[in-house]
Structure formats: structure tokens, C-alpha cells
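Asker: structure for this input, please:
(chains A and B)
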Amino acid sequence: MSTPLEHDYIGLAETSSMERSSEKLSSSSSSSIPSIEDKTSKTANDTCLNLKETELRLGLPGSQSPERKLSLFGQDLETNDKSNGFAGSPLKNLVSGAKRGFSDAIDGSNGKWVFAMNGKSDVELAKGAALASPRVGLDSKTNSQQAKTSVSVMKEVVGVPQSPKPVQDKNNLVPPVNDHAIAPASKAQVVGWPPIRSFRKNSMASNLAKNSDEGAGCLYVKVSMDGAPYLRKVDLKTYNNYMEFSSALEKMFSCFTIGQCNSSGLPARDGLSESRLMDLLHGSEYVLTYEDKDGDWMLVGDVPWEMFTDSCRRLRIMKGSEAIGLAPRAMEKCKNQN
Amino acid sequence: MGSSELKRSKDSVESARWSSFPDEVLERVLSLLKSHRDRSSVSLVCKDWYNAERWSRTHVFIGNCYSVSPEIVARRFPRIRSVTLKGKPRFSDFNLVPENWGADIHAWLVVFAAKYPFLEELRLKRMAISDESLEFLAISFPNFKALSLLSCDGFSTNGLAAIATHCKNLTELDIQENGIDDKGGSWLSCFPESFTSLEVLNFANLTSDINFDALEKLVGRCKSMRVLKLNRSVSLEQLQRLLVSAPQLAELGTGSFSQELTIREYEELESTLSICKNMHTLSGLWDAKGIYLPALYPACSHLTFLNLSYAALQSVELAKLLAHCPRLKRLWVLDTVEDKGLEAVGLNCPLLEELRVFPADPFDDEIVHGVTEAGFVAVSFGCPRLHYVLYFCRQMTNAAVATIVQNCPDFTHFRLCIMNPGQPDYLTNEPMDEAFGAVVKTCTKLQRLSVSGLLTDLTFEYIGRYAKNLETLSVAFAGRSDWGMQCVLGGCPKLRKLEIRDCPFGNAALLSGLEKYESMRSLWMSACNVTMNGCRLLAREMPRLNVEVMKEDGSDESQADKVYVYRSIAGPRRDAPPSVLTL
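Answerer: Here you go, the predicted structure:
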């Protein structure tokens, strides 16, 4: 543990944020220095979600914390071979910060996993299900319970300088009893402060974790396909990576295409996101897209599998010709093959 | 009329008829008294009035479940139909109280089942209640009508299923902000097909999906439903369908307000909402998307209470919405609306009486956002009737607070939370003493005060001297010495609840309030300088007080980490867990 924090009424914030700033600075360039979240997690084995690094934020000039990087999502992660936190939060500028809410604290409950680098190619990504398959999809109870215990075990109490107490020694960071990193941002958390009820805290945190079809233990999302008469539903939890998922989709939707998949003779791709359903009549390719928590339509496969399942609300198998701007690669393929 | 005359009236009704009230008449008159404080006063007049009052009382309010035992309550009040019980100290909401602390309802239910078989209403706050207890409740009281659980824990949706299954006459099921084990939404399907009496249904607390089919049918057949608060899993489309069968709703809590809608669906929603002319309370609006808010406009014309504290709105969105809510009296928002949003409040809501601003991101203070003193001041200029405020902010000044109370001198509840503990006036760097001094000097009706920021003993001198009507005081990270707490205990004649955390108040302060504590409901002190010896002394001197100490692991033997002191006629409790010592 680092040196105990200095405690006084006025100086506390300054001291601690300064300390943390320096820690962040060093952590951004080295892969081995733990972030502040790591400090409070229980064991060295826990990988912590360093959510700050993946978020784009705006702040007033001069209000930047060094940890805040305006780099695009993914680029930092190549330099950091340890815990990369992929925020469940949308990768957008959040001026108000509202959507992040309490996510920093609660995201620990998403489980711990190691992400493959985003810089790798898609194929590698799919193969690299070195991704431990985590329990994604929050069990809401666990979520709130963990959030609750998370706060309660942060026994860092702001000391009262006028009357030094014998318990001052306790003011070192006490590791939480649960396995998940919980300390958000820079400030050491005081138990029960600010005074906000657990339900409210958890609600704001689960802003990011919510999935419309989430039930305990399953993650059903609708899958639509352009031109198909009806939709299907899939449980994302039953797949561990994009490869499994895409082959399952192929099977599911092959009945809607004329002829079989890959009957054009193209080799079956292992990897990735775009299902290679061929519509022989139109000769155009389909592209697999999904709507994320923000209501935006994204190309499947860009983000690690866990993050995808976390943020995916529904899927759409789109005709390649419609996927302009969304799937430039698909467009290229279309052009190449037609 | 002396008591001797009253006694004679019992023996001979004719001779006394013209000179005194028969008991029945007295009871009849007193039965019209609703306020429990009035009733307490009445019961002190004389023995006959005491008796008449106890026989006519139908609702009992118990502010601290350990201040009295269920047997004592049942003995005194034989005809109770409605019970309100509060359990744990308020700081349990913020995880400062150990999990198994107590306040279990079961012992009460057992006595009620025997003594009040016709019990109709039970309202619990900060009590522990298990599924078994809920089931016991459901089957023991055939007339049971209303269950309200606020900030309780220990139960799951299975308990709710039991209530739905067995309570044939249920009119109210209100589940708010509880630590509930949500095992799924099937409980809602347990209401039988023949069940139609529900008027109030609030399950906004629950997170899992409910069986929408069952809900739709339930709402359809409960024609008297006036309060419906959905949980987040209910979509906009589903909301629209529900509203079609319940346009009479007075209070609506929407589910998630962010589903992607087609134009037609949006228009349908808008027109359905516009026929809800009775709506005076609107809440929910989880994940509200600004583009859909206009659908609400037609329903807002009679709104008096708007709870946006789960919708992260921006200032412009709020401003546009408020333009349609001229009658608003109560508004809860997130600080994402920022000062600009609060300016809009001041401009659009002249009738506002209550404002609560919650922090969207309380644990991150590196980003400059949220509300400041400017927003609060803006509201005070536009809303002179403001009397209840809960305000979370990151900066405040003494001057701003002085202006605010000058504009709004009628504050009854002033709860200001400057989120960084011990933070001074950010412009002058002085303590915030003068701010709270202004509050207590100007707001003579003040009943509840929460202080924050850098505060010396001067704040407490002011409070003790000026806050003549203060009943509840919450203090955190404040004060300089025992003197501060002594001022409060020596002043504040109406003080009932005092909760203190992380302040430099020690035994001298604790012991200065010996007599005072018997006129108060409770005292909480945690992370202060009180020792076990001080607590033991208090317990010894005041036998009618329960003095409980909660020890934390690894703390110094002599320190009293958390102290909870309360008056009780039931004696020390016997259900305390090992971490709670009763002295």
C-alpha cells in the first residue's frame, strides 16, 4: 500500500487527487503499475477494470485529470497488457457524465476477465477466446448486493484532525472482502458518503448494464434479418465468442436464403462477425449489425465478446448495400465480389 | 369538569347526563382525531380521556420499534387497524449499520395476529422482513388491505407472491427502495383472476422482468387503480398499452423511457398520455431520451409532483418539459440538469414547494459538472414558496445561502450536502458557519436540518440558539470540540432526532444531554470520540435509555465506534446480534 493519505478537512481532496494523478501518470506508460482500483482490490490476481482509460470525456480546460485520455478507444490498450477495462459505458463523449454514473464502482461485479487486444485483427480476436467466459449480464441482486458491500467495506474514513483518534491507523485502505474492484476514480471513498440510498446508487450504475431482455442467467436478444418474414431470438449467454455465435446465426437463418451458405464456393470464414449468408438472387452480402444501449447501430465484431453481450440490445442482419458507413469493409467485399 | 364527576357519570347515567359526557360520546369525538400527536396530548388529560382515546384509536405510529414492545401496544390500544413502524437508524440507508442489526417485524406480526386479527394496513420503514413473515402476514389477516415497505430488507419476490396470492382485499402494494432479492417477475401473476381491488401498485424497486400479460390483465380489471409505478423492465410500448386501460391514474411511474419507437407508436403514446387528465404525479422515466419527452407534455398540465431523479436530463430538455408544468409543487431531478436547468425551474415553477437535486455521479469529483450555488439561488428567486430542499452540490458559499433563505424564509426542511467533506466556502475559504447561521436565524419554522461543509462550533451555537422548532439534525464531518454538540443539546427545545458521524465530539458532549435524550426519539453517534466508558456512564445514569454500541472489527477496545441511544419503555432489547452491545 502506498503511504497513508494525509487527512485534514481542506486538504484531503487535493492531497488524494494529486497522489492519484501521479499514480495515473505512471500507470499509463507502464503496464505493471496498478491503477488505484487495483490497490483496493483484494488479490493481485484480480484484474481490475480501469474504466477511465477507455472513456472519452470532455472537461473544462485545466480540469483534466491525467488519467483521462482523449485517445480513441482501443489504442491505449495495446500498450497495456494487463487489466484493460472496457467500460460497459458507451464510447462517446459524455459531457455530463451522467451515463457513467456509478459504473466505476459497480462494474467490478461484471466479473474479472482479460480482454484480447483491440488492435488485433478480427480473426485473431475470435480465436483469442482466451477470453475467460465471464458471467456477464448482471444478476441484479448480486449487483446491488455487491455494490452495497463494496461501499461498506471501504473503510477508509476521513480522519478528524482536531481530535486524533487511536484508530487513525485504520485509515489505510482496507481491501474489500469481495473479489471485485470497487473504488471508482481517484477519491478514497468514505463509507456511506455522500448519503445516497443503495437503490439510487445501483440504479444509476445499472444505467449502463441494462439490457432490455435480460433475465437471470440469460440474455435474449431479437435477431431480425432483412427480408425474412419473422424474427428470431437468441440467448447471447449460450455463446462464448463470435465464432460460435456467427455459426449459430448462420444455421438459424439459412432457411431464409436461397441455397446454402457458402454455396458460392467461397471458403467458410472462421471468425468473425459478418455472417456469410449469401443471397444468391441478389448477390449481395449480409452484414451483421447490432443496436447498442445508446440506440446506435454498430457493426458486430469490433469490441470484445463480453462487451458486445453487455451492450447488445438487438441484432439485425442487414443487406450489405444498406450498410453504408456502418460496415465499410462489407461494402468493399460487395464490390469485390459483384 | 372534574374527574370525580366523570366517575359518577359511569355509575349513574341519568343523573350525570346533563353534566358530563358518557364515554361513548367522548370516544366518538376523539375518534375524529387523526394526528397521533394530538392523540398523545389528549391521552394525558385524565384517566377517562386516556381510556377513551385508547379505545378510539385505529392507527398507531411507532417511530422506533424498540421504544415499545408489541405486547404493550396491544394492551393499550385494542382496536388498531393500521400500524406504521420504523426500525433501523436512518444511517442504515448508507450502510453504516451492520446487516443483522435487528428490527425484525416477525415478533410484531405474531402479536398482531392474536390481538388485531382485523388489521388492515401495515407500513414499515427500515425494518427487516422475511418471506416467511410476509406469508404469515398474508394468511393471518383476512381483511388486510395495504402493505407499504420502504427501505426494508430481508425479503424476496417470493414474499410478494404470497401477498398477491392470499390477500383477497388488497388495495395497496407499495414496494419502495428496499433491499429485495429479486427472483423474477412471476409474483405478479399470483393475483387471482377474481382479484380487482388494487388501487395502489408500486413495484418500481424491482429490476427483473415481470409477466406483462399478467400485469396488463391486472390493471385492466382493477378499475379503481389510481397509483401505478412500473419498474424499468416495462417498455414504452407496454406502457402505452397499460395506460389505455387505466386513463384514470392519478400517479404514474413509467418504466424505461427509451425504447426505439416508430412515428406511429410515438403518436399513440402521446395521445394516450393526453387522456390522463387526472395525473398529478409522474415518476420513473428511466433512461429517458430527450426526444420522447414531448409525448409527456399533454399529461403535465396538472402535474404537482415530477420525479426525474432517474432520468439524466440535460438543462435544455428539462427547461422544455417544465414549460408545460406550471402547477408543479414538488420536483426531483438529477444534477445533470446543471445550473441552467435550475434556472428554468425558477422561471417556470412559481408554485414550487419542494426541490430535490440528486448527484448523478457522486463519486467522481474530477469532472466539473453538477449543480452549484448559482442554481440554488436561481430557484430561490423564482420559487418563494420553497420550503423543502435536498441539494447535493460540490461547491457553496455563505453569501449564496444567505440570499436563498432571504428569498425563501419558510424553509421547514433544509438539507444541504456539499459532497466533499469539510469543504469551506469556495470563494472566501471560510467555514460555512454563516450559511447555516442564516438558515436558522431566518427560517423560524425549520424542522429538519442537514449540515455539511467546513463547520466550526459556531454553527452549532447558532443552531442551539435559534433553531427553536428543529426536530431532526444531521451532522457529518463538522465541529471543533464538545462545545458544538453541547450547544445543540442545550438549545433546540424540540429536538427529537440527532444523528452525528465523524465529528470531534466526545464523552463530555455525550453526557451533556442526559436529560435531553429522554425527550428525544434517538441519538446516533459514529466515528466520533466517544468511549465505552462514556457510554457506560450514560447507561448507568439513565436507566430508561437503551445505550447500544456497535463495535467494528479491529477497533480499539475502549472506543465506542457507533453509538445508538434511544428511549424505551420496553427495556433493553434481547435480539441484538453479537456486534451490538447493550450497556
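Asker: point out where the chain drops to low pLDDT.
Answerer: All of this refers to chain A. Where chain A drops to pLDDT under 70, the residues are A:1-189, A:206-218, A:256-285, A:322-338.
Asker: you answered for a different chain; I wanted chain B.
Answerer: B:1-21, B:365-368.
Asker: contact partners of the strand or helix carrying residue B:75?
Answerer: Assigned by DSSP states H and E, residue B:75 belongs to helix B:70-76. Here helix B:70-76 makes contact (CB atoms under 8 Å, 6 or more residues apart in numbering or on different chains) with B:54, B:60, B:62, B:80, B:107-108, B:110-112, B:114-116, B:569-570. Yep, even glycine has a C-beta here, placed from its N, CA and C like the rest.
Asker: residue B:136: which of those residues is nearest?
Answerer: Taking CB to CB as the measure, residue B:136 lies nearest residue B:110 of these, at 7.8 Å.
Asker: partner strands of the helix or strand where residue B:123 lies, with direction?
Answerer: Secondary structure assignment for residue B:123, by DSSP H and E: strand B:121-125. Strand B:121-125 has the following strand partners under DSSP bridges: strand B:82-86 (parallel), strand B:146-150 (parallel).
Asker: relative orientation of the next helix or strand after it and strand B:121-125 in degrees?
Answerer: Downstream of strand B:121-125, the next assigned helix or strand under DSSP H and E is helix B:131-140. Per axes from the mean of the first three to the mean of the last three CA atoms, to 10 degrees, the angle that helix B:131-140 makes with strand B:121-125 is 160 degrees.
Asker: now do the buried residues in helix B:131-140.
Answerer: For helix B:131-140, a neighbour-count test (16 or more other CB atoms under 10 Å in any protein chain shown) marks B:131, B:133, B:134, B:135, B:136, B:137, B:138, B:140 as buried.
Asker: the fourth one and residue B:441, how far apart?
Answerer: Distance check for residue B:135 against residue B:441: by CB to CB, to the nearest Å, it reads 53 Å.
Asker: swap in the last one?
Answerer: Using CB to CB, one obtains 52 Å as the distance from residue B:140 to residue B:441.
Asker: and what of the fifth one?
Answerer: Look at residue B:136 and residue B:441: by CB to CB, they are 51 Å apart.
Asker: got the buried residues of helix B:131-140 as a markdown table, with distance to residue B:480 columns?
Answerer: What follows is these, written out as a markdown table (distance: CB to CB, whole Å):
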| residue | distance to residue B:480 |
| --- | --- |
| B:131 | 48 |
| B:133 | 46 |
| B:134 | 48 |
| B:135 | 52 |
| B:136 | 51 |
| B:137 | 49 |
| B:138 | 53 |
| B:140 | 53 |
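Asker: now, among the residues you listed, which is nearest to residue B:349?
Answerer: Nearest member of the buried residues of helix B:131-140 to residue B:349, counting by CB to CB, is residue B:134, at 39.8 Å.
Asker: residues in contact with the closest one?
Answerer: Residues counted as contacts of residue B:134 (CB under 8 Å, 6+ apart) are B:155, B:159, B:160, B:162, B:163.
Asker: can you put those residues in a markdown table and add distance to chain A?
Answerer: Shown next, in a markdown table, are the contacts of residue B:134 (distance: CB to the nearest CB, whole Å):
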| residue | distance to chain A |
| --- | --- |
| B:155 | 12 |
| B:159 | 14 |
| B:160 | 14 |
| B:162 | 19 |
| B:163 | 19 |
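Asker: coming back round to it: redo the strands paired with strand B:121-125 as JSON lines? Include mean neighbour count.
Answerer: Listed next are the strands paired with strand B:121-125 as JSON lines, based on neighbours: other CB atoms under 10 Å in any protein chain shown:
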{"stretch": "strand B:82-86", "mean neighbour count": "20"}
{"stretch": "strand B:146-150", "mean neighbour count": "20"}
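Asker: take the ones you listed and write them to TSV, including distance to residue B:265.
Answerer: TSV is the format used below for the strands paired with strand B:121-125 (distance: least, CB to CB, whole Å):
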stretch	distance to residue B:265
strand B:82-86	42
strand B:146-150	34
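Asker: the residue in the stretch 101-250 of chain A that chain B sits nearest to: helix or strand, and which one exactly?
Answerer: Among all residues of the stretch 101-250 of chain A, residue A:192 sits closest to chain B, at 3.1 Å; criterion: CB to the nearest CB. In the assignment (DSSP H and E), residue A:192 maps to no helix and no strand.
Asker: look up phi and psi at it.
Answerer: Backbone torsions of residue A:192, given as degrees, to the nearest 10, read phi 70, psi 30.
Asker: my guess is it contacts residue B:89. True?
Answerer: No - taking CB atoms under 8 Å as the definition, residue A:192 is not a contact partner of residue B:89, at 11.6 Å.
Asker: identify the contacts common to these two.
Answerer: Counting by CB under 8 Å, 6+ apart, the shared contacts of residue A:192 and residue B:89 are residue B:96.
Asker: which residues touch residue B:430?
Answerer: With CB under 8 Å, 6+ apart, residue B:430 has these contacts: B:398, B:424.
Asker: and it, how far from chain A?
Answerer: Distance, residue B:430 to chain A, using CB to the nearest CB, to the nearest Å: 11 Å.
Asker: now do the helices in the stretch 301-450 of chain B.
Answerer: Counting by DSSP state H, counting those that start in this stretch, residue ranges of the helices within the stretch 301-450 of chain B are B:315-322, B:338-348, B:373-382, B:398-407, B:433-442.
Asker: now mean neighbour count too, for the ones you listed, in TSV please.
Answerer: Formatted as TSV, the helices of the stretch 301-450 of chain B follow (neighbours: other CB under 10 Å):
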stretch	mean neighbour count
helix B:315-322	21
helix B:338-348	22
helix B:373-382	22
helix B:398-407	20
helix B:433-442	23
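Asker: of all the ones you listed, which lies closest to chain A?
Answerer: Across the helices of the stretch 301-450 of chain B, chain A has its closest neighbour in helix B:338-348 (7.6 Å, CB to the nearest CB).
Asker: and the contacts of the closest one?
Answerer: Taking CB under 8 Å, 6+ apart as the rule, helix B:338-348 contacts A:96, B:313-316, B:318-319, B:322-323, B:325-326, B:328, B:331, B:333, B:337, B:352, B:355, B:357, B:369-372, B:374-376, B:378-383.
Asker: burial count for the residue of the stretch 251-400 of chain B found nearest chain A?
Answerer: Relative to chain A, the nearest point of the stretch 251-400 of chain B is residue B:312 (3.4 Å; CB to the nearest CB). For residue B:312, the count of nearby residues is 28 (other CB atoms under 10 Å in any protein chain shown).
Asker: over to residue B:301?
Answerer: By other CB under 10 Å, the residues close to residue B:301 number 13.
Asker: what's it in contact with, if anything?
Answerer: Contacts of residue B:301 by CB under 8 Å, 6+ apart are B:324, B:325, B:326, B:327.
Asker: the residues you listed into CSV, with extra columns for distance to residue B:473?
Answerer: Listed next are the contacts of residue B:301 as CSV, based on distance: CB to CB, whole Å:
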residue, distance to residue B:473
B:324, 38
B:325, 33
B:326, 35
B:327, 33
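Asker: mark which of these are buried, thanks.
Answerer: B:324, B:325.
Asker: using TSV, lay out the contacts of residue B:301 together with distance to chain A.
Answerer: Compiled in TSV, the contacts of residue B:301 are given as follows (distance: CB to the nearest CB, whole Å):
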residue	distance to chain A
B:324	22
B:325	21
B:326	27
B:327	26
